[in-house]
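[1] take a look and give me a structure for this.
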Amino acid sequence: MALLLSAINLNKHKVSAITYLVVFIVVLASLLFVNTIAIHKIAFALGKKNKFNEGDFMIKDFGVGVDGNPFLTVEGTAGGTIPHTKNVGYAYVFVTDKGTYAVTSDWMYPQWHTHGMTLDKNNCVVSMNMKGGVEVRDMVKLTKTSATMVDKVITAEFIVNNSDGSICEVLTFDTAP
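    Have a look, this model is predicted:
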C-alpha cells in the first residue's frame, strides 16, 4: 500500500512538472510569436552592421503623394542604412509648410521615427518634439503632420555633442531642390 501511495505521489509530481513545462512553453511561444516582428527588425538591423550604402540617402524624387502625405524616394533602399556608432544618427529631413520634420534613426533607437524640429543657421537643433509619423517602405512617407507642401528635402548625418548635448548636422548626403 505504501508503495502504491508513493507511486501515486510520484505521478502527481510528474504531472505537475509536465504541466509547468507545457505552460512555460506556451508562454514562451506566445511571447516569441508576439515579438516576431521586433525580433526580425533587430536581427535585420544587426545584419546590416557596417554596411553603409550612400544610395540609401541619394534623393531620387520628393513631393506630396496622392494620399496627401509628403514623401521622398532614394536611389538605394529607403531606411536601408542605420547608424551603429555612438552619438550618430541619420535623417531624412522635410522642410514643409507646417514646419521641419526629421525622420531619424540613431544609435540608441535605430527604428525610424519622426521629430518636429527647429534648426538654427548652423543646422543645430534648437527645439525638437515627437510629433509626426512615418512609414518607411519603398519610400520615406511623412504622416500625421497636415503638411500639404514640401519645399525642400535633405538627407544627412547628425551627431550629439557629449560636452554640451547639442545635436547638429555634420554631413549632408543630398538635398533637393
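[2] and stretch 128-146, what's buried?
    For stretch 128-146, a neighbour-count test (16 or more other Cβ atoms under 10 Å) marks 132, 134-136, 139-143, 145 as buried. (Each C-beta comes from the backbone N, C-alpha and C, glycine too.)
[3] compute the first-to-last residue distance for it.
    17 Å (Cα to Cα, to the nearest Å).
[4] pLDDT on it, on average?
    Average pLDDT, stretch 128-146: 94.
[5] just give me how far that stretch sits from the chain centre.
    Computed by Cα atoms, centre = their mean, to the nearest Å, the chain-centroid distance of stretch 128-146 equals 11 Å.
[6] picking up where we left off before, narrow the buried residues of stretch 128-146 to those in helices?
    Among these, none falls in helices (DSSP state H).
[7] and which of these is nearest residue 54?
    The shortest approach to residue 54 among the buried residues of stretch 128-146 belongs to residue 140, at 15.9 Å (Cβ to Cβ).
[8] gap between that closest one and residue 99?
    17 Å (Cβ to Cβ, to the nearest Å).
[9] same deal with residue 151?
    Remark: distance between residue 151 and residue 99 (Cβ to Cβ) = 11 Å.
[10] great, nothing more from me.
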